[in-house]
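Visitor: Below are the sequence and a predicted model for it; my questions follow.
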Amino acid sequence: MKKAIIGKKVGMTQIFDEAGKVVPVTVIEAGPCVVVQKKTADKEGYASVQLGYEDIAEKKLSKPEKGHMDKAGAGYKKHLHEFRIQDGSTINVGDVLKANVFAEGDKVDVTGISKGKGYAGVIKRWHAQRTPTSHGGGPVHRHAGSMGSATDASRIFPGKIGAGQMGNEQVTVQNLDIVKVDPELNMIVVRGAIPGPKGGIVYLKDTVKHYSARVAAASGSANPQKASARVNPQKASAKRG
């Protein structure tokens, strides 16, 4: 990873591209972030930077938190997050990162905490089917039903779907396009949706996905086993040749 920043989800809207097509986008208030800590491969075994986002009053911090940020001397920050980087030689403690660390056209992975849905049943949470609604089904049409355990197992195996807390978990959406960057407004606009509610904290970093451009073949395959290389003598086009 080469670039990263902490931001806050503002909300969704839509814009029009050059071709006049509607593009759904999410507006993110990204930065400014301060480098609070820097780790190196020589000392800690890996290279990373810890970024701080959003000012906070000193009285709201614990003594360990206050002491940690006093070392950086960059003020007190509410949100801290560590990002692993490939090369940290150009980044130092106290540096300020703004939205212009990214540029239009970059692809990013966005991580956030999804909206909490509360306690949900198996139909909403796992898309399970209802039981039959006729012939004495009773008031259990949306219940989980049989778990499938017998004398041999005598227990429910871990990972079995069931009712429980839905949402409110870390989610990462990968390979989103950055449509617009405005460093004066600390704004980054990405194509598509990102996890979390309005005002939720999100983490942006370079995408881990890399696609190589495919080069189309100029002619048919030379492999005689492929259909493109075989000639059917029954076809009229083969007879004319």
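Guide: Yes, it's here.
Visitor: and the spatially closest residue to Met69 that is not a sequence neighbour, how many neighbours?
Guide: Nearest residue to Met69 in three dimensions, chain neighbours excluded: Tyr76, at 5.4 Å (Cβ to Cβ, 6 or more residues apart in numbering). C-beta coordinates here come from the backbone N, C-alpha and C atoms, glycine included. Number of residues near Tyr76 (other Cβ atoms under 10 Å) recorded here: 20.
Visitor: residues making contact with the helix ranked longest in the chain?
Guide: Of all the segments of type helix in the chain, defined by DSSP state H, the longest one is helix 63-72. Helix 63-72 is contacted from outside by Val34, Val35, Val36, Gln37, Gly52, Glu58, Leu61, Gly75, Tyr76, Lys77, Val93, Gly94, using Cβ atoms under 8 Å, 6 or more residues apart in numbering.
Visitor: Tell me the buried residues in it?
Guide: Glu65, His68, Met69, Ala72 (16 or more other Cβ atoms under 10 Å).
Visitor: avg pLDDT for that helix?
Guide: Regarding helix 63-72, the rounded mean pLDDT is 88.
Visitor: What of stretch 27-40?
Guide: In this model, stretch 27-40 has an average pLDDT of 90.
Visitor: for stretch 96-112, same thing?
Guide: Mean predicted lDDT for stretch 96-112 stands at 91.
Visitor: What helix or strand is Leu176 located in?
Guide: Using DSSP states H and E, Leu176 sits within strand 170-182.
Visitor: Direction-wise, compare the helix or strand harbouring Glu29 with strand 170-182 and give the angle.
Guide: Using DSSP H and E, Glu29 maps to strand 22-30. Interaxial angle, strand 22-30 versus strand 170-182 (axes from the mean of the first three to the mean of the last three Cα atoms, to 10 degrees): 100 degrees.
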